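*Asks:* Take this sequence and fold it.
(2 chains)
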Amino acid sequence: MAVVKVDKLARSVAEGPSLMTGSNPTKNWMDVPVVFKPGNYAYTTKPEKLEYLDSQQGVSFPNARVWNPEDEDWKLPENWKEIIINGLADRLDKFRSLKIFMDCCVRCGACADKCHFFLGTGDPKNMPVLRAELLRSVYRQEFTLAGKLLGKMAGGREMTTAVIKEWFMYAYQCTECRRCSVFCPYGIDTAEITMMLRELLHLVGCGINWAMEPVANSNRTGNHMGLTPQAFKGNVEFLCEDIENLTGIHIEPSFNRKGAEILFITPSADVFAEPGLFTCMGYLLLFEAIGLDYTWSTYASEGGNFGLFTSNQMMKKLNAKMYAEAKRLGVKWILGGECGHMWRVIHQYMDTMNGPADFLEVPKSPITGTVFDNTASTKMVHISEFTADLIQQGKIKFDKSRNSHVKATWHDSCNTARGMGLLEEPRYILDHVVDNWVEMPENTIREKTFCCGSGTALNTDEIMELRMRAGLPRANAVRYVADKHGVNTLGCVCAIDRATLTTLMNYWNPDVQVCGLSELVGNALIIEGEKRAENLDEGLRTMVF
Amino acid sequence: MQLIEALKNKKKEILSTWVDRTLDSYVSSGFFKRAQDKFANPVGANIREGLSKLYDLLLCKADQKEMMDPLDQVIRIRAVQEFTPAQAVAPILELKWVVKQVFTADKKLRPLLIELDSFDCDVDRAALAAFDIYTICREQLYQNRISELKSGRSILTDSGCPSALDRQGKQHISKLQ
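*Replies:* Next up is the predicted model:
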């Protein structure tokens, strides 16, 4: 593999007069300043949200203020440079992985063309190698002998406000999807570099509201939406009414019930926003069909953990609430719904942050007797693992014809695919619930799946253009199967995907709808005593009056 | 007819220059120009395919309706990238410059330069259609924003804090009393 200099990766040459941008670089990447303008940055954190979070135990979010990235003055603390350098020193000391990632990159370029942000923008600073270089250059300058002596000649650079601004721009043009790390011969996890960049930015009060307000809500009421226990319960019950109208099945779910065998936790978007609602109806039907002894919690009412996109302390705190609730209710184990980053937190970080969850039992399906040894430490089972086991053991039956309106393809959500290896279970379930589904091209699925382009709290509307270009590689593969096979449904197991892919499809492939896997399960599930209306042309989505 | 023949004969050269110049409008264009896999390189592959189809349609004097798909293939991408509206549709007009460059470089083709008026008009019409598509794409973006706000996802932020609202309500009531 040829070793390429970073600046070469970022250079191209055009000759002759052009009507177009003339944007070809004439300067070294370090000397190209970032320009903030409407549409290319997410709104900054509201001061009251940051003040609230800073007042909470175990986390620190200083320098709450009104500020605008477009302004010259970001109102940083006077000693901001010292704070950043000390913060980096702390993290290099605490996280061995960061130290290794800073030192071991040989700039082979294998990651350069694998990032959906680079593929959608052509901006060299979106190449994972160069995004990491934004931090690595400061690391070299401050923490390596060569950098201290030779500075720029050794790839180092001074920490300036321009660098802070560059960090803010590109730390929020990475969805921490980890596709690049699949191709890195050294296994450098660029997502963790982005996580560190975001942590360092928070030390001087630079964050985005779309991350911090859900974090504040989650910390206060238990979920991103800020739903009160009453509202959460009311929404689930409202879905049960819909289910009864559609299927004749009467469901009375329990909330905060002590002594239930299983605690069920899912993203709050499932009980509040389309199209997650239909996925939630799928869960409710499945649990009713098998007579599961489970409870919802109105306190651990959020599977999502935007702390992952914020700081390790915040992630730990929000994750801990799920286990605290499991302990309080005295359940045996936790069943988790269709979420992306909840599973990445559980699979990769929970054990060292809050685990092992010794007060819970190793999950065992009460219906099939299957013991989920893979979750022996976290005690939390994915709904697709649980459902696939029910199918495999012949405990549930389906009528695929109820999904005859669906010609599906499968989007491997980044966090479940790359973060926990959930690749086969969803496909196994799909095989059983729909007649027709096709795979997208090989280099866009499974471990190599393309991100929706809006993860890590970038699913906000003020950066719509950015999201659409970052989602192009995913949408492009969907378009291929839509054109070739008539695909009209994009299935996935992630709440952010369900919301953001819907928007992405509206722009790139308007004939393709997005659904959760459990929605398709709920559509096809045969339940004793049900009286499904005959004309459910769109399954659980059908409007009945 | 001689002009059309010449444009056909020089297709490879013209397309190559045209696509390269279009992709050069990206800051780091090397990969976009080089990689052939449609799924690994969606910007490069779609722009190459869209411009190639458009060129063929221009040569056979196709109806403008037929040009909408390949134009959409190119412009839909550029409408969400960091280009001004003019920069986004500029590649279509660049074809005129590219054709003139290629013809000027070939002695035998130079006499045909004065016959390019009609071809130039067709390119202009395609560029105007491209601007229509650009506008449609931008409107779709704004529709997307509205749809997200309406879908309930906006409640992630900008929602009132329930306990704060409750507290404010109580304070308001106590003031009234």
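*Asks:* Disregarding residues adjacent in the polypeptide, which is nearest to whichever residue of chain A sits closest to chain B?
*Replies:* Of the residues in chain A, the one nearest chain B is A:Gly122, at a distance of 3.0 Å by CB to the nearest CB. For glycine as for every other residue, the C-beta is placed from the backbone atoms N, C-alpha and C. Once flanking residues are discounted, A:Gly122 sits nearest to B:Tyr26: 3.0 Å by CB to CB, 6 or more residues apart in numbering or on different chains.
*Asks:* tell me the contacts of A:Met468?
*Replies:* By CB atoms under 8 Å, 6 or more residues apart in numbering or on different chains, the contact set of A:Met468 is A:453, A:504, A:507-508, B:80, B:141, B:144.
*Asks:* which intervals of chain B have sub-threshold pLDDT?
*Replies:* Confidence mapping of chain B against pLDDT under 70 gives the ranges B:1, B:152-173, B:175-177.
*Asks:* Figure out the helix or strand that whichever residue of it sits closest to chain A lives in.
*Replies:* For chain B, the residue closest to chain A is B:Tyr26, as judged by CB to the nearest CB, at 3.0 Å. With secondary structure defined by DSSP states H and E, B:Tyr26 is part of neither a helix nor a strand.
*Asks:* What count of nearby residues applies to residue 141?
*Replies:* No chain specified, so I'll use chain A. Residue neighbour count, defined by other CB atoms under 10 Å in any protein chain shown, stands at 21 for A:Gln141.
*Asks:* you looked at the wrong chain, it should be chain B
*Replies:* The burial metric for B:Leu141, expressed as a neighbour count using other CB under 10 Å, is 21.
*Asks:* Is it correct that it is in contact with A:Trp508?
*Replies:* No. Under the criterion of CB atoms under 8 Å, B:Leu141 makes no contact with A:Trp508, lying 11.5 Å away.
*Asks:* which residues of chain B fall in strands?
*Replies:* Defined through DSSP state E, the strands belonging to chain B form an empty list.
*Asks:* Actually, chain A.
*Replies:* Taking DSSP E as the test, the strands found in chain A are A:262-265, A:294-296, A:333-336, A:380-382, A:408-410, A:437-438, A:489-492, A:513-516.
*Asks:* I'd like to check which residues are in contact with A:Arg328.
*Replies:* With contact set as CB under 8 Å, 6+ apart, A:Arg328 has these partners: A:Lys258.
*Asks:* which ones are touching A:Ala211?
*Replies:* Taking CB under 8 Å, 6+ apart as the contact definition, A:Ala211 lies against A:45, A:306, A:309-310, A:456-457.
*Asks:* which residues does the spatially closest residue to A:Lys233 that is not a sequence neighbour form a beta bridge with?
*Replies:* The spatial neighbour of A:Lys233 that comes closest, neighbours along the chain excluded (CB to CB, 6+ apart), is A:Phe255 at 5.2 Å. Beta-bridge partners of A:Phe255, counted by DSSP bridges, are A:Trp296.
*Asks:* Could you give the number of residues near A:Phe255?
*Replies:* Counted with other CB under 10 Å, the burial measure for A:Phe255 works out to 16 neighbours.
*Asks:* How about A:Ile251?
*Replies:* Look at A:Ile251: counted by other CB under 10 Å, it has 17 neighbours.
*Asks:* What of A:Ser60?
*Replies:* Around A:Ser60 there are 12 other residues, counting by other CB under 10 Å.
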